[in-house]
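In: show me how the following folds:
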Amino acid sequence: MHEMALCEGVVGLVEDEARKQSFTRVKSIVLEIGVLGHVAPEAMLFCFDAVSHGTIAQGAKLVIERTQGAGWCLDCGKTVPLQTRFGACPDCGRHHVQMTSGDELRVRELEVE
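Out: Down below sits the predicted model:
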């Protein structure tokens, strides 16, 4: 389950920020996870509790916001929604679409004390 390693990375990032900005407690973390990114939100929530135990993020609420997939169709010359990785353009049906969003995993917001 790679979500465990991803949660460890998130907690590590938060601990680094705590050292830089001198906060002592994390109340909530908002993560953006793309729908095309092969990350299971339920697994992230499960792993976060275990990984954050004994850290500055222990007891913090993990909020997951899903970002939709989008790509640039090289044939149509416009941004189009993507439902799957390497999907066809919904307008022209061709597979010349470069993904531009939907595989993100980023900490968007921290609420700290």
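In: the lengthiest helix in the chain packs against which elements?
Out: For the chain, the longest helix by residue count, based on DSSP state H, is helix 2-21. Counting contacts by 3 or more C-beta pairs under 8 Å, 6 or more residues apart in numbering; DSSP states H and E, helix 2-21 is packed against strand 26-34, helix 41-52, strand 105-112. Yep, even glycine has a C-beta here, placed from its N, CA and C like the rest.
In: swap in 6 Å and give it another go.
Out: helix 41-52 (3 or more C-beta pairs under 6 Å, 6 or more residues apart in numbering; DSSP states H and E).
In: can I get the CA coordinates of the longest helix of the chain in CSV?
Out: Extracted C-alpha coordinates of helix 2-21, given in CSV (Å, rounded to 0.1, in the frame of the first residue of the first chain):
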residue,chain,number,x,y,z
HIS,A,2,1.8,3.1,-1.2
GLU,A,3,-0.6,5.4,0.6
MET,A,4,1.4,4.6,3.8
ALA,A,5,4.5,6.1,2.3
LEU,A,6,2.6,9.0,0.9
CYS,A,7,1.2,9.8,4.4
GLU,A,8,4.7,9.6,5.8
GLY,A,9,5.8,12.1,3.2
VAL,A,10,2.9,14.4,4.1
VAL,A,11,3.7,14.2,7.9
GLY,A,12,7.3,14.8,7.1
LEU,A,13,6.4,17.9,5.1
VAL,A,14,4.3,19.2,7.9
GLU,A,15,7.0,18.6,10.5
ASP,A,16,9.5,20.5,8.3
GLU,A,17,7.1,23.5,8.1
ALA,A,18,6.7,23.4,11.9
ARG,A,19,10.4,23.7,12.3
LYS,A,20,10.5,26.6,9.8
GLN,A,21,7.5,28.5,11.1
